[in-house]
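Asks: Sequence and predicted structure below; questions after.
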Amino acid sequence: MADRDPQRLALDREPELLAATRSASSAHKPILEQVSSGDIPHAGPGDASEQEGGRWQDLLRNEVQQGQGSGVLAVRLHDDGLKVEEIETPSPDPGEVLVRVHAAAITRGELEWPVDRLPAIPSYELSGVVVGSGDEVYALTPFDRDGVAAEYAVVPADVLAPKPLRLSHVEAAALPMGGLTAWQALFVHGRLARGERVLITGASGGVGHIAVQLARHAGAAVVESGPVDLVFDTRGGEVPAGERVVTIAEEMPGAIYFIVEPDHEQLLELRTLVDAGELRAEVDSVFPLTEARAAFERVAGRGKRGKVVLEVGTD
């Protein structure tokens, strides 16, 4: 997308955006109405330990760049670093919708994930409002396209799910990556059943603390040692023995290694648990979009608990 003269888009320009995307958003509104009725290279996103190279600080060295113009504000990674700048308002293609982003969560190490071109927008977890329909939604978005750290983002309609009613946009944006990773590890790859014993490494981490809640809700016993039916490894290194081993840290003999995938149906399951008071996701800290550099510095640091979230719009 070509850059325009910089200026933050005022909320009173939303009618223009609605008109520009009316046909696309109305085409997908039935999909969203049906829905409403109802920490990547080598190590996958999540709690897996990652080596912090010297390039990390290079990626963060640039200050926020803003100005005056008529576009939308977005965080973009360039060859020479991370910048916050104006871009043209994105337009949805068939099968996509335009989302007014209210919050976008970020993951440790994601600025070093491989991309096929620069500049690229980071962050793949959002909570926001669909332009045209007004549906409040949340999602994990595909990793093979631009992320969602922007005022507006184009998102495949089939990955969106209604936002949990009990959560603010900031809280909802903190759930998709950790929630889907834990769900897929325990129930898709790990085949965890009621009454089984499961050991979760990094149980207090961003993915681990959600996995503990999901396992207990499913009737499994979460243990710290002893014989186990399933080991879910979120951090790498020496992994305890188990009848079945699933990891998001690194490939290893005898273990199933996977990278989380977007999944609408699983987001609905997570939403149900959240709204029933059975599941929560921790938020470590919140930064405005214009302070994206500080947010990525925080996510790269030690001692945090939960997700780091960029607040983009008014909750």
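Replies: That came through, no problem.

Asks: From here on, just use CA atoms for contacts and neighbour counts.
Replies: Will do.

Asks: Look up which residues are beta-bridged to the residue most central in space within the chain.
Replies: The centre of the chain sits closest to residue 125, judged by C-alpha atoms, centre = their mean, with a distance of 2.5 Å. Residue 125 forms beta bridges with residue 105, residue 140, as assigned by DSSP bridges.

Asks: residue contacts, it?
Replies: Each residue near residue 125 by C-alpha atoms under 8 Å, 6 or more residues apart in numbering is listed here: 104-106, 138-141, 148, 173-177.

Asks: I'd like to know which of those are buried.
Replies: Buried positions within the contacts of residue 125, assessed by neighbour count (16 or more other C-alpha atoms under 10 Å), are 104-106, 138-141, 148, 173-177.

Asks: how deep is residue 254 tucked in, by neighbour count?
Replies: Number of residues near residue 254 (other C-alpha atoms under 10 Å) recorded here: 12.

Asks: now residue 277
Replies: Using other C-alpha under 10 Å, residue 277 is surrounded by 10 other residues.

Asks: Let me know the pLDDT of it.
Replies: Looking at residue 277, its pLDDT stands at 97.

Asks: do you know how far the closest residue to residue 141 other than its chain neighbours is from residue 305?
Replies: The shortest distance from residue 141 to any non-neighbouring residue, by C-alpha to C-alpha, 6 or more residues apart in numbering, is to residue 124 (5.1 Å). Per C-alpha to C-alpha, to the nearest Å, residue 124 is found 19 Å from residue 305.

Asks: Check residue 129 too.
Replies: As judged by C-alpha to C-alpha, residue 129 and residue 305 stand 27 Å apart.

Asks: quick one, which of these two is more surrounded?
Replies: Ranked by neighbour count (other C-alpha under 10 Å), residue 129 and residue 305 place residue 129 first, with 21 against 15.

Asks: what helix or strand is the closest residue to residue 294 other than its chain neighbours on?
Replies: Ranked by C-alpha to C-alpha, 6+ apart and with sequence neighbours excluded, the top spatial neighbour of residue 294 is residue 287, at 7.7 Å. Assigned by DSSP states H and E, residue 287 falls within strand 283-288.

Asks: buried stuff in that strand?
Replies: For strand 283-288, by 16+ other C-alpha under 10 Å, it's 283, 284, 285, 286, 287.

Asks: Nearest to residue 74 among those?
Replies: Within the buried residues of strand 283-288, the smallest distance to residue 74 is 14.0 Å, found for residue 287 (C-alpha to C-alpha).

Asks: residue ranges of the strands in the stretch 51-200 of the chain, please?
Replies: Read by DSSP state E, counting those that start in this stretch, the stretch 51-200 of the chain holds these strands, from start to end of the chain: 72-78, 81-87, 96-106, 125-130, 136-140, 152-156, 161-162, 197-200.

Asks: helices and strands around the first one, which ones?
Replies: In terms of contacts (3 or more C-alpha pairs under 8 Å, 6 or more residues apart in numbering; DSSP states H and E), strand 72-78 is packed against strand 81-87.

Asks: Show me what the strand it packs on pairs with in its sheet, parallel or antiparallel.
Replies: Here strand 81-87 is paired, per DSSP bridges, with strand 72-78 (antiparallel).

Asks: Out of the contacts of residue 125, which comes closest to residue 247?
Replies: Proximity of these to residue 247 (C-alpha to C-alpha) peaks at residue 177, which lies at 15.0 Å.

Asks: got the contact list for the nearest residue to the closest one once chain neighbours are set aside?
Replies: Leaving aside its sequence neighbours, residue 177 sits nearest to residue 140 (C-alpha to C-alpha, 6+ apart; 6.2 Å). Residues in contact with residue 140 (C-alpha under 8 Å, 6+ apart) are 124, 125, 126, 159, 160, 176, 177, 261, 262, 263.
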